[in-house]
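Student: Build me a model:
(4 chains)
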There are 2 protein chains.
Amino acid sequence: MKMNDRKKKVLAAIIQDYIQTAEPVGSRTISRKYKLGVSPATIRNEMADLEELGFIEQPHTSAGRVPSDIGYRYYVDYLMEPEQLTPDQEELIESSYKDKSQEIGRIITRTGQLLSRMTNYTSMVMAPRREKTASIKHIQLVHMMPTQAMVIMVLDTGVVQHQLIEVAENITQADLEQVSKVLNAKLSGLNMERIKLTILSEIYLEMAKYRTFMDVALELLHEQQEAASEEKIYLGGLYNMLNQPEFHNIEKVKTLLSLLEQEKMLQEILLDKKHDGISVRIGVENNCDQIKDCTMVTATYQLDDQVLGSIGVLGPTRMEYAKVITIVDHMARILNKVMDK
Amino acid sequence: MKMNDRKKKVLAAIIQDYIQTAEPVGSRTISRKYKLGVSPATIRNEMADLEELGFIEQPHTSAGRVPSDIGYRYYVDYLMEPEQLTPDQEELIESSYKDKSQEIGRIITRTGQLLSRMTNYTSMVMAPRREKTASIKHIQLVHMMPTQAMVIMVLDTGVVQHQLIEVAENITQADLEQVSKVLNAKLSGLNMERIKLTILSEIYLEMAKYRTFMDVALELLHEQQEAASEEKIYLGGLYNMLNQPEFHNIEKVKTLLSLLEQEKMLQEILLDKKHDGISVRIGVENNCDQIKDCTMVTATYQLDDQVLGSIGVLGPTRMEYAKVITIVDHMARILNKVMDK
DNA sequence: GTTAGCACTCTTTTATAATGAGTGCTAAAC
DNA sequence: GTTTAGCACTCATTATAAAAGAGTGCTAAC
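Tutor: You can find the predicted model right below:
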């Protein structure tokens, strides 16, 4: 059996109607609301075919049809008409980034808020991950208390990391300045890999006096590096999800929440994609049981061809695909632009 | 009417039973499970009195009794027996802080996780707020790209703030080092208030050359200061709440979530307290409609008598008070200790 | 190929009765 | 005077049955 033009129209109608109403849609509704110029009986025949093709299914004998994951997939790939952002939306976005703090955390938060507000689904935004290729721009040691100092490390990506460390009691700020100077001279411009392998011994030689201290500092820098690879993920608009009829069932909400509270899982999901650019994973296409009746629309943002992180929207499979895809795509572009600065 | 000994015992029994079962508790249950040595009829009489006193109420004529907010209050104030931490719990806490990163963000996260895990309710932990009295320990400017530099500010509280700023194209790292040096000399040890008022002009004189640049930098520092007063709040264990029977109703979950997604509100609630130390706000005692059938147990943590922030647990009014209060109290003490270092 | 007509299926709604937990009151027992 | 057994009463919950409604699939006619 092949998809003819009318089948496509019927499938599109079913999906659009179901997206709107969340109710199984019957032949009569199609024939009345979507002027295909044929009677319910004809629609019924087409529906039977579409069901055989796996695009729609029946919850029970006497109910209308509901799109299957495969049906949505077909819709997204072939039927859906891309949507333009409305002027209102354009403006909302514009005003959200104009004249505001450029601090990375805030940009992430704001992006997440916008995503969930505009789509009415849950948004996930991953903060830029520092790759191992990130290199050190500046290192600074600051004396805090008799036995404590702070190591501050600025990376070329604009990320700033810091860590308190214990130091010997007799160390002064002047000492630390000295160490800072040496570290900067030796390390700045290098990435973590290189530091680990080649530079350490060199520093040791030159810095015999501070050797123990250096040990601690470097180890911590490394640990920090490790730790920071657990990217923070901003989650927003959970509330929106509860307004979706599919989540009126507490069990659903529970399985969803149990997932969203595990940041590690989220990361995997958010990064589980083959290509750059936009990705739509419908229902079981997510390799994750807990969201097997959700759709995730994700996109990556990058700097100089290096993927920094990704943003996404999570909603029921019954999602306003055209709208959401447009929005996610647009927001990812914006992040690209912002990162470029 | 006065509370005699038996009334107290009956009230305690009702509350304990209700906390366990979440079902209205009847006279027979009390008489059987809690060996008060009297018949159901007698209990009924006492219950009628307790109801008149406002400590318990009846959902409907033929149901058992349910504690009122006032009843819980009486229980917490007079009846409840404080609980000890179990060795298991002690150990769990111990191992969570031992040998782990001392970075402030992680401590906050970990504390939140512990709180929700141990109590099975939702936890809220506020990161230390920098008060206006926080003073500058160190300022560092780092050149990033042709027209950008990063301002890094270390406060004596251990907080590190940073911000990218635009600079003139001809400025070099050497210039920035110079500026850093001056800024450090002038500003370190001072708090924001003092800087604002008296020091600026002084700097201007000395730094004529970099004046425009300084303008930007200082303004941003100040903006940063403002912005940072929106404390981050760690929220955890939302999932736990859905296991509580009172949240099997989606509407309840919605009102709760709508609150929890507004960080500003959370801050107010978390800080709305008269005294230091532990605070228990039961039901309507929270000045917040959205959690009028929840109880919040909060405590502050401080450094040198200055309140840095607060931690809390949010659950249904039917909360395991003895346990939760012990845990919150203990965790606050731990944070105090950690901050002291 | 299309469609009107109709019997059939299965969920949802509505109505009605049965069950049961728990109370308040009264009068007797302690 | 306090306690308790006994009992009628209330009201939510559960069970049962019937009715309504939505939608289909099939057949036969157009």
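Student: Most proximal residue of chain A with respect to DNA strand C?
Tutor: Nearest residue of chain A to DNA strand C: residue A:62, at 2.9 Å (Cβ to the nearest atom of the strand). From N, CA and C alone the C-beta is placed, and that goes for glycine too.
Student: Show the model's pLDDT score for that residue.
Tutor: With respect to pLDDT, residue A:62 scores 90.
Student: neighbours of it, just the number please.
Tutor: Residue A:62: 8 surrounding residues under other Cβ atoms under 10 Å in any protein chain shown.
Student: Quick check: it vs residue A:97, distance?
Tutor: The gap separating residue A:62 from residue A:97 is 51 Å, by Cβ to Cβ, to the nearest Å.
Student: Next: residue A:167.
Tutor: Taking Cβ to Cβ, one finds residue A:167 at 42 Å from residue A:97.
Student: Of these two, which one has the most company?
Tutor: Between residue A:167 and residue A:97, counting by other Cβ under 10 Å, residue A:167 is the more crowded of the two (24 against 16).
Student: Over to that one: give its phi and psi.
Tutor: Here is the backbone geometry of residue A:167 (degrees, to the nearest 10): phi -130, psi 170.
Student: repeat for residue A:123
Tutor: Dihedral pair for residue A:123: phi -110, psi 150, per degrees, to the nearest 10.
Student: show me what contacts it?
Tutor: For residue A:123, the contact set (Cβ atoms under 8 Å, 6 or more residues apart in numbering or on different chains) comprises A:111-116, A:234-237, A:311-314.
Student: top of these by neighbour count?
Tutor: residue A:314 (31 neighbours).
Student: Enumerate the residues of the stretch 101-250 of chain A near DNA strand C.
Tutor: Taking Cβ under 7 Å from any atom of the strand, no part of the stretch 101-250 of chain A reaches DNA strand C.
Student: Might you list the low-confidence residue ranges for the stretch 101-250 of chain A?
Tutor: By pLDDT under 70, the low-scoring segments of the stretch 101-250 of chain A are A:101-102, A:130-134, A:192-231.
Student: what does it have sitting close to chain B?
Tutor: A:101-103, A:106, A:137-138, A:140, A:142, A:144, A:148, A:150, A:152, A:154, A:156, A:158, A:160, A:162-164, A:223-224, A:227, A:236-239, A:242-243, A:247-248, A:250 (Cβ under 8 Å from any Cβ of the partner chain).
Student: Secondary structure and distance to DNA strand D added to the contacts of residue A:123, as TSV?
Tutor: Below are the contacts of residue A:123 laid out as TSV (DSSP: H, G, I helix; E, B strand; the rest coil; distance: Cβ to the nearest atom of the strand, whole Å):
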residue	secondary structure	distance to DNA strand D
A:111	helix	40
A:112	helix	37
A:113	helix	37
A:114	helix	36
A:115	helix	33
A:116	helix	32
A:234	strand	40
A:235	strand	35
A:236	strand	35
A:237	coil	31
A:311	strand	37
A:312	strand	33
A:313	strand	29
A:314	strand	29
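Student: Format the residues you listed as TSV; extra columns: distance to residue A:254.
Tutor: Listed next are those as TSV, based on distance: Cβ to Cβ, whole Å:
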residue	distance to residue A:254
A:111	28
A:112	23
A:113	25
A:114	28
A:115	24
A:116	20
A:234	22
A:235	16
A:236	20
A:237	18
A:311	25
A:312	21
A:313	21
A:314	16
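Student: what residues are up against residue A:236?
Tutor: A:112, A:113, A:115, A:116, A:122, A:123, A:125, B:261.
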